[in-house]
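Novice: Return atomic coordinates for the entry below.
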Amino acid sequence: MNQRPFGVAICITVAMLARPAPAQPAADLTTYKGADRQERILAGARKEGKLVLYSAMLANQALRPLTAAFQQKYPFVAMSYWRADSDDLITKFTAEARADRIVGDVLEGAGVGELSIQGGYAQAMWSPEFEAIPEQRRDPNNLWAPTRMNYFGVAHNTKLAPADGAPKTYEDLLDPKWKGKMAWTVGNSNAAPLFITNLRVAWGEEKALDYFRKLTRQDIINYGAGSARSLVDRVIAGEYAIALQIYAHHPLISAQKGAPVGLRMLAPTASTAGSIVIPKGSKNPHAALLFLDFLLSREGQQVLSSAEYLPVRPDVDPIDYIAPVVPAKAGVPENTIDERKLIVMTPASEKIIEDLFRK
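Specialist: Below you'll find the model as predicted:
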């Protein structure tokens, strides 16, 4: 997933705040917990008959199979989707809300939950599936829910950096033999800035800054072209020996196909989660709740797992060949950076990159 900096998205929320949020169409519907909840939302979804999902998930890989599975289970709901990067998604929804012409019934993507909160469009919601998701991954006010996990690691070309010599710790990245041979993606909030944010959170500002000053001597290449995935492709091609802060499952997917690439999970490894929101003003709130339940259920999470996404539910395993990216399975401590921390801390992390790594 290719993300532009959260600074762009933060500016968007200023525009979102310029107009009062639309009222919730059915008071207390999204938080209803009565014994007849399922009957109630099924009856309402039948009357609505449609659902529009805005999502940052890849269309062919995830959105098409999700849509097919949902419609097979609920054929009376005509589901459609619009796919875009998360900040474009928020921009589109903001324009709809300001014009009082909301189309998107459900929003899903990186940072979508917190940005919707800041814009005043998130509303409290509840699903019986919430109980299956670890509490530390959920919003305490249930204004958003996590949908899929992202874990981050280091990719290495197995010819230029063989497994027995590839970095195993953050300290190993300071070895002079890697000077000028490492790259990370800039202009992407989940790449270089998240590398910085992860260590600031885990180590504290002073220790982290001392480490960054040492790391700057390594002449890390600032890769700014293409998607996050394309940097891994450059490592596979031998252009760089090492790529820092990449989606950990990408090199494993390529290695499974025979590419000369390996993965290192450094401790602590950063994790983030995509999030889902049912915004105020949703035209089809019953169908939106039906989809919320489906996406977070074992059935929906299994669809994502089959599409090479990482489930947010511990009782749904990822595909075998990408399972090692799960920190608990890899025996590596995990540092979950929630959406609020990511949005709040990214600007300062980008400033560190600008000051130390872009000279």
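
Novice: what distance separates stretch 119-136 from the centre of its chain?
Specialist: What separates the centre of stretch 119-136 from the centre of its chain is 16 Å, taken as Cα atoms, centre = their mean, to the nearest Å.

Novice: Next, the buried residues of it.
Specialist: G119, G120, Y121, A122, Q123, M125, S127, E129, F130, A132, I133 (16 or more other Cβ atoms under 10 Å). For glycine as for every other residue, the C-beta is placed from the backbone atoms N, C-alpha and C.

Novice: do stretch 54-67 as well
Specialist: Quick answer for stretch 54-67 (16+ other Cβ under 10 Å): Y54, S55, A56, M57, A62, L63, L66, T67.

Novice: now, which of those sits nearest A259?
Specialist: A62 (22.1 Å; Cβ to Cβ).

Novice: any idea how far A132 is from that closest one?
Specialist: According to Cβ to Cβ, to the nearest Å, A62 and A132 sit 20 Å apart.

Novice: all strands in the stretch 201-350 of the chain, in order from the N-terminus.
Specialist: In the stretch 201-350 of the chain, the strands defined using DSSP state E, counting those that start in this stretch lie at 221-223, 242-247, 261-264, 269-277, 310-311, 334-336.

Novice: And for the stretch 1-150 of the chain?
Specialist: 50-55, 78-83, 106-110, 145-157.

Novice: distance between the last one and the chain's centre?
Specialist: Right, the one you point to is strand 145-157. 8 Å.

Novice: elements contacting the helix or strand following it?
Specialist: Under the assignment DSSP states H and E, the closest C-terminal helix or strand after strand 145-157 is strand 182-185. In this structure, strand 182-185 makes packing contacts with helix 192-203, strand 221-223, helix 228-236, strand 242-247, judged by 3 or more Cβ pairs under 8 Å, 6 or more residues apart in numbering; DSSP states H and E.

Novice: what do you get if the cut-off is 6 Å, keeping everything else the same?
Specialist: strand 221-223, strand 242-247 (3 or more Cβ pairs under 6 Å, 6 or more residues apart in numbering; DSSP states H and E).

Novice: and the two most separated of the buried residues of stretch 54-67?
Specialist: A56 and T67 (15.1 Å).

Novice: so how far is A183 from R229?
Specialist: Counting by Cβ to Cβ, the gap from R229 to A183 is 14 Å.

Novice: of the two, who's got more company?
Specialist: A183 (22 against 15; other Cβ atoms under 10 Å).

Novice: can you tell me which residues contact that one?
Specialist: I221, Y223, Y240, A243 (Cβ atoms under 6 Å, 6 or more residues apart in numbering).
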